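1. Quick one: sequence plus predicted model below, questions after.
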2 protein chains.
Amino acid sequence: MSGAMLKDALVTLKESGVRITPQRHAILEFLISSESHPTADEIYKALESDFPNMSVATVYNNLRVFRNSGLVKELTYGDASSRFDFVTHDHYHIICDECGSIVDFHHPGLEEVERLASYVTGFKVNSHRLEVYGVCPTCEKQASKAN
Amino acid sequence: MSGAMLKDALVTLKESGVRITPQRHAILEFLISSESHPTADEIYKALESDFPNMSVATVYNNLRVFRNSGLVKELTYGDASSRFDFVTHDHYHIICDECGSIVDFHHPGLEEVERLASYVTGFKVNSHRLEVYGVCPTCEKQASKAN
DNA sequence: TAAACTAATTATAATGATTATAAAGAAGTA
DNA sequence: TACTTCTTTATAATCATTATAATTAGTTTA
């Protein structure tokens, strides 16, 4: 199934006139296969062995290309570096306040919130962003052990 | 009314053993009076004339102090620098995709989303973050003029 | 009030993510 | 093949944020 996602992504890129280079192929593949939400540097490091000469700038450049094509979402939290998430179906993220792990969860879209926001502010709404924060089961267990 | 907010904030700080320095007073006052959501640098520049010797580090340090006391929220978007928002009652933000302006709006909390997220992921939920994106009335007007 | 202690500020340097630039390389096209 | 354009690489620059050390100011206690 992830093979099909990669193929779709490549088609999307080709259709918008973006060349498929080996580096782009590898970055996309890594993003799709990765269950986590890697930083640019993590992607860079992961592909280092396959592309010993690849520059960090290439990773950043291509992540921007993907973002502009709507294939990838950039997640910005308080910490230093952005994380990147291959866009599949709509999902939200819940983030552990302790260890920072990010887990996907599904929830029907918040159209009603968008409507209210639009009504109150006069904005034409395009999208929204929602994240939930808490403590993941693993950290919770460790906390209870500690007592 | 904003005077009362400042007074409350100072009490909160004092109660948690934080000293009230002129710089802290000024930063808080600026944050409360400011309708916008300034960056650390904007705060620094705004107070430059009153505190010619103040260091940028002081602004950052104190914003962190305020954040830890729950007085101030840090807003991190994709762009370079964080923005800071004095916490009043619960409100959300809607952000213009064109000009970047940030407008507050009120909406009942999303407890139901938090419950579902907790149920699905097993996290103990602490909080959430929601932002809506769109085009503000001003930018919308200019766009329609342009046609 | 003065001495003593602690916290806060300042000035400066360091860090680290991201972006800009220019040269070299690769892909697509005529 | 020659030409054009896009992409990559290598490197340097930028810029927000943090760390450090010395100085200063608040607070407490005698």
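-> Looks like it arrived, so ask away.

2. Would you confirm that A:Asn126 contacts B:Cys96?
-> No - judged on C-beta atoms under 8 Å, A:Asn126 makes no contact with B:Cys96 at a distance of 9.7 Å. Every C-beta, even on glycine, is put in place using the N, C-alpha and C of the backbone.

3. what sits in contact with each of those two?
-> Shared contacts of A:Asn126 and B:Cys96 (C-beta atoms under 8 Å, 6 or more residues apart in numbering or on different chains): B:Tyr133, B:Gly134, B:Val135.

4. Quick check: which element contains the first one?
-> Pointing back at B:Tyr133 there. strand B:124-135 (DSSP states H and E).

5. so where do the strands sit in chain A?
-> For chain A, the strands defined by DSSP state E cover A:72-75, A:83-86, A:92-96, A:102-105, A:124-135.

6. Save those strands as CSV, and put in mean neighbour count, distance to A:Gly3 and mean pLDDT too.
-> Shown next, in CSV, are the strands of chain A (neighbours: other C-beta atoms under 10 Å in any protein chain shown; distance: least, C-beta to C-beta, whole Å; pLDDT from 0 to 100):
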stretch, mean neighbour count, distance to A:Gly3, mean pLDDT
strand A:72-75, 18, 18, 88
strand A:83-86, 20, 13, 90
strand A:92-96, 22, 25, 89
strand A:102-105, 18, 20, 87
strand A:124-135, 18, 29, 90
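
7. And A:Ser34, its phi and psi?
-> Per-residue torsions, A:Ser34: phi -70, psi 130 (degrees, to the nearest 10).

8. ok, back up a step: so which of the shared contacts of A:Asn126 and B:Cys96 also contact chain A?
-> When C-beta under 8 Å from any C-beta of the partner chain is applied, the members of these adjacent to chain A are B:Tyr133, B:Gly134, B:Val135.

9. Test my guess that the second one contacts B:Cys96.
-> If I follow you right, that is B:Gly134. Yes - the pair B:Gly134 / B:Cys96 is scored as a contact, 6.9 Å apart, by C-beta under 8 Å.

10. Return every residue with contacts to both of those two.
-> With C-beta under 8 Å, 6+ apart as the test, B:Gly134 and B:Cys96 both reach A:Phe123.

11. related to what we said a few turns ago, give the other helices and strands that the strand holding B:Tyr133 contacts.
-> helix A:111-121, strand A:124-135, strand B:92-96, helix B:111-121 (3 or more C-beta pairs under 8 Å, 6 or more residues apart in numbering or on different chains; DSSP states H and E).

12. Among the ones you listed, which comes closest to A:Asp104?
-> Counting by C-beta to C-beta, A:Asp104 lies closest to helix B:111-121 out of the helices and strands packed on strand B:124-135; the figure is 8.5 Å.

13. list the helices and strands the closest one packs on?
-> strand A:92-96, strand A:102-105, strand A:124-135, strand B:124-135.

14. Residue numbers of chain A in contact with DNA strand C?
-> Contact residues (C-beta under 7 Å from any atom of the strand) of chain A with DNA strand C: A:Arg19, A:Thr21, A:Thr39, A:Ala40, A:Asp41, A:Val56, A:Ala57, A:Tyr60, A:Arg64, A:Ala80, A:Ser81, A:Ser82.

15. Mind checking which of these are in helices?
-> A:Ala40, A:Asp41, A:Val56, A:Ala57, A:Tyr60, A:Arg64 (DSSP state H).

16. Report how many residues lie close to A:His107.
-> 16 (other C-beta atoms under 10 Å in any protein chain shown).

17. which residues touch the most centrally placed residue in chain A?
-> When C-alpha atoms, centre = their mean is applied to chain A, the residue found nearest the centroid is A:Asp85 (1.3 Å). Neighbour list for A:Asp85: A:Leu31, A:His37, A:Val72, A:Lys73, A:Glu74, A:Leu75, A:His93 [criterion: C-beta under 8 Å, 6+ apart].

18. The helix or strand of chain A with the lowest mean pLDDT to strand A:124-135, inter-axis angle?
-> Of all helical and strand segments in chain A, the minimum by mean pLDDT, DSSP states H and E falls on helix A:137-146, at a mean of 79. Put simply, helix A:137-146 runs at 30 degrees to strand A:124-135, going by axes from the mean of the first three to the mean of the last three C-alpha atoms, to 10 degrees.
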